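1. got a predicted model here, sequence first, then my questions.
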Amino acid sequence: MRSMLIPLAVIVVLLANGCSSSFMPPQTYQFDKERVYALTYGAVLKKVSSWFESKEIQIARGDTVPGLLSATYKLNPDQFNPEAEGYICDCGKPAVSMSEAQKIKYATAAISVMVRIVDDQHTKVSMNIQYQADLYLNEYGSETMGDSYLHKLECNSTGRLEKELLDYVGQ
């Protein structure tokens, strides 16, 4: 009887490990973050401002650097869900096991767009976005306990939002 317990214990451990995964970090994406336009500085600045308005993203006031437009805003869940069509940032893949699961929640984007004069008829737009999200742990069967905060995640841009802005300015 005792000789059967050891192989049974090994099988249980192997099954438990086979049904779990560890956190997978976000991928790194290659994309354009800047573009030069055959437009005046004023025309480009107006288009960039219009893009922020079209996305209902409020530009931060008080930037003392001319041509710098910046904003921080909360993403909706589809924007950081890899299975959603509007996916703009990769925060990695949460770990899952038989007894608990990690969840990514509350992602934010800090956007900086710099508009600079190249010459009288050309203007350069450079864009940088930093994404962060919160990682939570949910233990199965503890709905009354809620999710426990683990830590902040640094997320990577997929380049979709950058392409959207750069294309918008070029229209």
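-> Received the coordinates, thanks. A quick note: this is a predicted structure, and the numbers were derived from the prediction, not measured.
2. and residue 51, that one's in a strand?
-> No: under DSSP: H, G, I helix; E, B strand; the rest coil, residue 51 falls outside any strand and is assigned helix.
3. give me the pLDDT for residue 83.
-> Residue 83 carries a pLDDT score of 83 in this model.
4. all numbers from here: first residue = 888
-> Done: numbering now begins at 888, and the last item shifts to residue 970.
5. part of a strand, is it?
-> No: assessed with three-state DSSP, residue 970 is coil; it does not lie in a strand.
6. what is the neighbour count of it?
-> For residue 970, the count of nearby residues is 6 (other C-beta atoms under 10 Å). For every residue, glycine as well, the C-beta is placed using N, CA and C.
7. ok, now the one 10 residues further on?
-> The tally of other residues near residue 980 (other C-beta under 10 Å) stands at 16.
8. correct me, but it touches residue 911?
-> Yes: counting by C-beta atoms under 8 Å, residue 980 sits close enough to residue 911 to count as a contact (4.0 Å).
9. measure residue 959 to residue 1025 for me?
-> According to C-beta to C-beta, to the nearest Å, residue 959 stands 27 Å off from residue 1025.
10. ditto for residue 988
-> 5 Å.
11. what's opposite the residue sitting nearest the centre point of the chain in the beta bridge?
-> In the chain, the residue lying closest to the centroid (C-alpha atoms, centre = their mean) is residue 976, at 2.9 Å. Here residue 976 sits in beta bridges with residue 1044, as judged by DSSP bridges.
12. residues of the top strand by length along the chain that come out buried?
-> Scanning the chain for the strand with the most residues, using DSSP state E, yields strand 987-1006. Using 16 or more other C-beta atoms under 10 Å as the burial criterion, the residues of strand 987-1006 that qualify are 988, 989, 991, 994, 995, 996, 998, 999, 1000, 1001, 1002, 1003.
13. what of stretch 1048-1057?
-> Quick answer for stretch 1048-1057 (16+ other C-beta under 10 Å): 1048, 1049, 1052, 1053, 1056.
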